[in-house]
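Enquirer: the following comprises the amino acid sequence and a computationally predicted model.
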Amino acid sequence: MPHETSVIIHPAKNLNGSVRLPGDKSISHRYAMLGAIAEGTTKLENFSTGADCASTLACLRSLGVECERNGASVAIHGRGAKLRAPGAPLNCGNSGSTIRMLSGILAGQVFTSELMGDESLSRRPMGRIIKPLELMGARIGSSDDSRPPLRITGAQLKAIDYKLPVASAQVKTCLLFAGLYADGTTRIEEPIQTRDHGELALQAFGGQLERRMREVSISGGQKLRAIEATVPGDISSAAFFLCAAGLFPDSQLIIPGLLLNPTRARLLDFLIGLGLRLTMGDLQEQHGELVGTLQVQGGQLKGARISGGDTTALIDEIPVLAAIAPYTADGIEIRDAQELRVKESDRIASVATNLRLMGADVEEFADGLRIPGMQKLHGAAIDSFGDHRIAMAFAVAALRADGETQIKGADAAVISYPEFFDVLDSLLQK
């Protein structure tokens, strides 16, 4: 995808209003994939508007799944467990979620398929799914360093007991999906608990699994049944607006229909600790997922350290938290985040580069950053590096900078949230 569009962000005086967010990416991917192998028609409202989830639907169509889309409404006509051999390579675009999780399903099909992606995805390591899927009986070819494209020859899989060497919800979901096609019971143990959308989605579609602390197991041969669901608002997208609200002590923001899953809500606890005032209401459970309305009031931001399990829980939100760190009283230090080096961009380097361009003092480590507080930033011409989260994070940082900021490659935001810049602009007082 070319990243040529620039956006100019001007400083703002305050942020006020209400925003209903597009559907959560993590859940949209999983519901679409399970709908494809379920029996019956799955109907989804508020499906993610991002390009990543569109990539998942495109791959499913190439596998013989009829998918109808009208805006944020999607209907997926399930084929049951068996998909159709694709006539061409499956293009996952920029989506690591698509290539990793869909590989679990394709490992259990009786044909060979190839998964490819854009330049960014082609640099991302896939060894974490290749090893366990090969242990289950699939054959997977890749480049010498386990990067895409992947050539997957499916098989009748056998169950495994597997300890994830690195915590990853995408890898866990991949193996749970593969476990549906395995003889016996597949058990997966995580080093620390990751988001549980895969487990909840499987249960929503009628799958039976057992969960105990950091271990989950699933028996093969289960049939899934279609569901009707509204995808909750994406909490990772909410992070940008929450952090923007945090820059203005008098800000007021309401976000209805927001995903509040406890395995994703560490962000909210972190922001409360940082100084934001958050109130949750209208809580309800939808297909196992906690959903509610979030009310936000700005406050005086303090500082924090992100490490260990917090780093895993906040991995998607770290770019925007780092982008507002100079405006906090005590700064933010991020460690144990080497995973960020192999995302859509090297997010540690991307954040450090852009903050320095805006005049910030930043210390960069192999596994993170130390960003002192009480700094003044100035507008600058910065680069998204083709990374949606970097583009959006620095739109937030620019709101308190002196002068205007130009974000080159701002169209990278289309990956997860095409409407982001228009929605942010609608909330600002300038």
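Expert: Now that the structure is in, tell me what you want to look at. Numbering: from 1, shown residues only.

Enquirer: any idea how far the helix or strand of the chain with the lowest mean pLDDT is from the chain center?
Expert: When each helix and strand of the chain is scored by mean pLDDT, DSSP states H and E, helix 309-313 comes last, with a mean of 90. In this view, helix 309-313 has its centroid 14 Å away from the chain centroid, taken as C-alpha atoms, centre = their mean, to the nearest Å.

Enquirer: list the buried residues of it.
Expert: 310-313 (16 or more other C-beta atoms under 10 Å). To be clear about C-beta, it is placed using only N, CA and C from the backbone, and glycine gets the same treatment.

Enquirer: same check, this time on stretch 332-343
Expert: 332-335, 337, 339-340, 343.

Enquirer: how about a markdown table for those residues, with secondary structure, distance to Glu119 and pLDDT added?
Expert: Listed next are the buried residues of stretch 332-343 as a markdown table, based on DSSP: H, G, I helix; E, B strand; the rest coil; distance: C-beta to C-beta, whole Å; pLDDT from 0 to 100:
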| residue | secondary structure | distance to Glu119 | pLDDT |
| --- | --- | --- | --- |
| Ile332 | strand | 31 | 98 |
| Glu333 | strand | 32 | 98 |
| Ile334 | strand | 26 | 98 |
| Arg335 | coil | 29 | 98 |
| Ala337 | coil | 23 | 96 |
| Glu339 | helix | 20 | 91 |
| Leu340 | helix | 19 | 94 |
| Lys343 | coil | 14 | 89 |
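
Enquirer: now the two most distant members of those.
Expert: Using C-beta to C-beta, these span at most 19.4 Å, a distance reached by Glu333 and Lys343.

Enquirer: settle this for me: Ile315 is touching Glu339, isn't it.
Expert: Yes. Using C-beta atoms under 8 Å, Ile315 is in contact with Glu339, at 6.1 Å.

Enquirer: please parse this protein into its domains.
Expert: What automatic domain parsing lists as the domains of the chain is 6-22+232-429, 25-229.

Enquirer: next, the distance between the ends of the shortest one.
Expert: Here the two ends of domain 25-229 are set 14 Å apart, with distance taken as C-alpha to C-alpha, to the nearest Å.

Enquirer: so what's the gap between it and the chain middle?
Expert: For domain 25-229, the distance to the chain centre is 15 Å (C-alpha atoms, centre = their mean).

Enquirer: the stretch 301-430 of the chain: helices as residue ranges?
Expert: Secondary structure of the stretch 301-430 of the chain, counting by DSSP state H, counting those that start in this stretch: helices at 309-313, 318-324, 347-357, 388-397, 420-427.

Enquirer: residues of stretch 17-24 that come out buried?
Expert: Of the residues in stretch 17-24, 19, 21-24 count as buried by neighbour count, 16+ other C-beta under 10 Å.

Enquirer: stretch 249-259 now?
Expert: Of the residues in stretch 249-259, 251-259 count as buried by neighbour count, 16+ other C-beta under 10 Å.

Enquirer: contacts for it, please.
Expert: 14-21, 24, 27, 46, 230, 232-235, 238, 241-242, 244-245, 282, 289-300, 427 (C-beta atoms under 8 Å, 6 or more residues apart in numbering).

Enquirer: CSV for the buried residues of stretch 17-24, including distance to Gly220 and secondary structure?
Expert: Below are those laid out as CSV (distance: C-beta to C-beta, whole Å; DSSP: H, G, I helix; E, B strand; the rest coil):
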residue, distance to Gly220, secondary structure
Val19, 42, coil
Leu21, 36, coil
Pro22, 34, coil
Gly23, 30, strand
Asp24, 28, coil
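
Enquirer: out of these, which is nearest to Pro191?
Expert: Asp24 (24.1 Å).

Enquirer: per-residue pLDDT of the closest one, please?
Expert: What the model reports as pLDDT for Asp24 is 96.

Enquirer: check Gly50 too.
Expert: At Gly50, the model reports a pLDDT of 93.

Enquirer: before we move on, what about the one 5 residues further on?
Expert: What the model reports as pLDDT for Ser55 is 97.

Enquirer: wait, it touches Thr98, no?
Expert: Yes. The criterion here is C-beta under 8 Å, and Ser55 meets it with Thr98 at 5.0 Å.

Enquirer: how many other residues sit next to Asp118?
Expert: 18 (other C-beta atoms under 10 Å).

Enquirer: how about the nearest residue to it, chain neighbours excluded?
Expert: Asn94 (5.2 Å; C-beta to C-beta, 6 or more residues apart in numbering).

Enquirer: ok, now which ones touch that neighbour?
Expert: By C-beta under 8 Å, 6+ apart, the contact set of Asn94 is 1, 51-52, 55, 117-118, 120-121, 344, 415.

Enquirer: three-state assignment of it?
Expert: With DSSP: H, G, I helix; E, B strand; the rest coil as the basis, Asn94 sits in coil.

Enquirer: where are the low-confidence patches of this protein?
Expert: Filtered on pLDDT under 70, the chain yields the residue ranges 1-4.

Enquirer: and His287, how far from Ser73?
Expert: According to C-beta to C-beta, to the nearest Å, His287 stands 17 Å off from Ser73.

Enquirer: I'd say Ala412 and Ala393 touch.
Expert: No. Using C-beta under 8 Å, Ala412 makes no contact with Ala393, being 11.1 Å away.

Enquirer: quick one, what contacts Gln208?
Expert: By C-beta under 8 Å, 6+ apart, the residues touching Gln208 are 218-219, 222.

Enquirer: filter the residues you listed down to the buried ones, ChimeraX style.
Expert: Applying 16+ other C-beta under 10 Å to the contacts of Gln208, the buried members can be selected in ChimeraX as follows:
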select :218,219,222
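
Enquirer: and the contacts of Gln208, which of them are in strands?
Expert: 218-219 (DSSP state E).

Enquirer: turn the contacts of Gln208 into TSV, including distance to Gly104.
Expert: Putting those into TSV (distance: C-beta to C-beta, whole Å) gives the following:
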residue	distance to Gly104
Ile218	11
Ser219	15
Gln222	14
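
Enquirer: closest to His197 out of the contacts of Gln208?
Expert: Ile218 (14.7 Å).

Enquirer: contacting residues for the closest one?
Expert: Here Ile218 is in contact with 176, 179-180, 185-186, 202, 207-210 (C-beta under 8 Å, 6+ apart).

Enquirer: rerun that using 10 Å as the cut-off
Expert: Shown in contact with Ile218 (C-beta atoms under 10 Å, 6 or more residues apart in numbering): 159, 175-180, 182, 185-188, 198-199, 202, 207-211.
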